[in-house]
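In: Could you work out the structure for the sequence below:
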Amino acid sequence: MKRKLLVHTLLFVLTLATTTFAGAEWRYGRSFFYGPEGFTWIPDITWEEVGGGMVFSLAFLGFLTAHEFGHYFMAQFYRVRVTLPYYIPVWLGVTFGIGTMGAFIRIKERIFSRKEFFDIGVAGPLAGFVVALGLLVYGFTHLPPLEYLYQIHPQYRLWGQDYALYAYNRPDDLALGQNLLFWIMEKLLADPALVPSRYEMTHYPILFAGFLSLFFTALNLLPIGQLDGGHILYGMMGYERFNRLSPILFIGFVFYAGLGLLSFEINLEEDWWMWVGYLVYLLIVFRPLFPDLKRSVLVTAGVFCGQMAIQIMWPEVQGYNGWLVFGLILSRALGVFHPPSPNEAPLDRKRILLGWIALVIFVLCFSPAPFIVD
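Out: Numbers count the residues shown, from 1 in each chain. Predicted structure coming up:
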């Protein structure tokens, strides 16, 4: 028991360190391990910058911890054996990241009813969502003056509040996408004169942590497979109806993600491999959805032709190709279908209402294009 607790503690401490360095990089706009002379093992960072990075780290890990312990305590309530959260530290070193791939708990025994699946599944996103709301309220009501941004980008002083008209001309400029809740909170709570450009939000650690909290909440609430949203919708619909709907939602998700990936303006003689590679990708992600290869091929062809038809009729339509990676993870690792439970008794009205609230939260938090690189 002590050894397991040590593992959880060590992973948390490592993740605290990696997210602190990541937060400092985003806040101050520079890498502390990679400079003009290349990579160094001794970071060029001050204690003040460590403290600045820790603002992001504590805010974001606060969200992750609330989310995972929401699952944990609900599982304990039902006496389902479950581990403490495993935090996943990730340090990229030479490029910016967020320092973690999140956290998870491992359920060590079977769950026996739709009600238990629902309650354990919904508890995490709801707990994390409360923390995310708190981060956004604080972040938008405590925006610093523009002098804060000028300290990071001294050249912006020349342009003043109009810096956004002149500053972004590099091909790798990163902007945070939009979602309904972030937009609503910005309009209701923030001083318009202090709201930073979407390209500068990463320098504001509380807002950045709040945005990522919404992003991860929406990711978990996708109503597919064994994600939290899948558990919730399975609890609401039951085994048979959910497993008919889930692959349809997954196909729609991949359809949207792949829009605009291929262009008819490319040179087919040189770039044919992109078209073949994408077709292979579609077949790989759709193969687990059907018992026979023929239907997988037909769905692959249908999705590909549908995307190409939209590309011809509306060339400006663009999905978010970054979702294709998550589509692969869903299909080949997490699964698109949900297992049955011994007790398939339907949920009561209060839980059905709570399930609809969770779906509304998903809509509010979901960003069609969460990270935009020009």
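
In: Against residue 359, how distant is residue 26?
Out: When C-beta to C-beta, to the nearest Å is the yardstick, residue 26 and residue 359 sit 31 Å from each other. All C-beta atoms are positioned from the backbone trio N, CA, C, and that covers glycine.

In: Looking at those two, which one has more neighbours?
Out: Under the neighbour definition other C-beta atoms under 10 Å, residue 26 and residue 359 were set side by side, and residue 26 has more, 24 against 16.

In: isn't there a helix covering the more buried one?
Out: Yes - when DSSP: H, G, I helix; E, B strand; the rest coil is applied, residue 26 is found to be in a helix.

In: show me the contacts for the residue nearest to it when sequence neighbours are not counted.
Out: Counting by C-beta to C-beta, 6 or more residues apart in numbering, residue 26 lies nearest to residue 202, which is 4.3 Å off, once chain neighbours are set aside. For residue 202, the contacting residues are 26, 27, 174, 176, 208, taking C-beta atoms under 8 Å, 6 or more residues apart in numbering as the criterion.

In: State the pLDDT value of residue 202.
Out: pLDDT recorded at residue 202 is 93.

In: same check, this time on the one 5 residues further on
Out: The predicted local confidence for residue 207 comes out at a pLDDT of 96.

In: so where is the stretch 51-200 of the chain shaky, pLDDT-wise?
Out: Under the criterion of pLDDT under 70, the regions of the stretch 51-200 of the chain flagged as low confidence span 92-96, 170-172.

In: can you give me the helices for it?
Out: 114-141, 146-152, 180-189 (DSSP state H, counting those that start in this stretch).

In: Name the stretch among those helices that sits most buried.
Out: Relative to the other members of the helices of the stretch 51-200 of the chain, helix 114-141 carries the highest mean neighbour count by mean count of other C-beta atoms under 10 Å, namely a mean of 22.

In: for that one, packing partners?
Out: With contacts defined as 3 or more C-beta pairs under 8 Å, 6 or more residues apart in numbering; DSSP states H and E, the secondary structure elements packing on helix 114-141 are helix 47-77, helix 180-189, helix 205-221, helix 228-237, helix 349-365.

In: hmm, back to that, and residue 346, which of the helices of the stretch 51-200 of the chain is closest to it?
Out: Nearest to residue 346, of all the helices of the stretch 51-200 of the chain, is helix 114-141, at 7.1 Å by C-beta to C-beta.

In: between the helices and strands packed on helix 114-141, which one is nearest to residue 323?
Out: Minimum separation from residue 323 across the helices and strands packed on helix 114-141 (C-beta to C-beta) falls at helix 205-221, 9.8 Å.

In: Give me the helices and strands touching that closest one, please.
Out: Taking 3+ C-beta pairs under 8 Å, 6+ apart as the contact definition, the neighbouring helices and strands of helix 205-221 are helix 2-28, helix 47-77, helix 114-141, helix 180-189, helix 228-237, helix 349-365.

In: do that again at 10 Å, thanks
Out: With contacts defined as 3 or more C-beta pairs under 10 Å, 6 or more residues apart in numbering; DSSP states H and E, the secondary structure elements packing on helix 205-221 are helix 2-28, helix 47-77, strand 100-104, helix 114-141, strand 174-176, helix 180-189, helix 228-237, helix 349-365.

In: Out of those, which is closest to residue 251?
Out: So among those, helix 228-237 is nearest, using C-beta to C-beta, at 15.0 Å.
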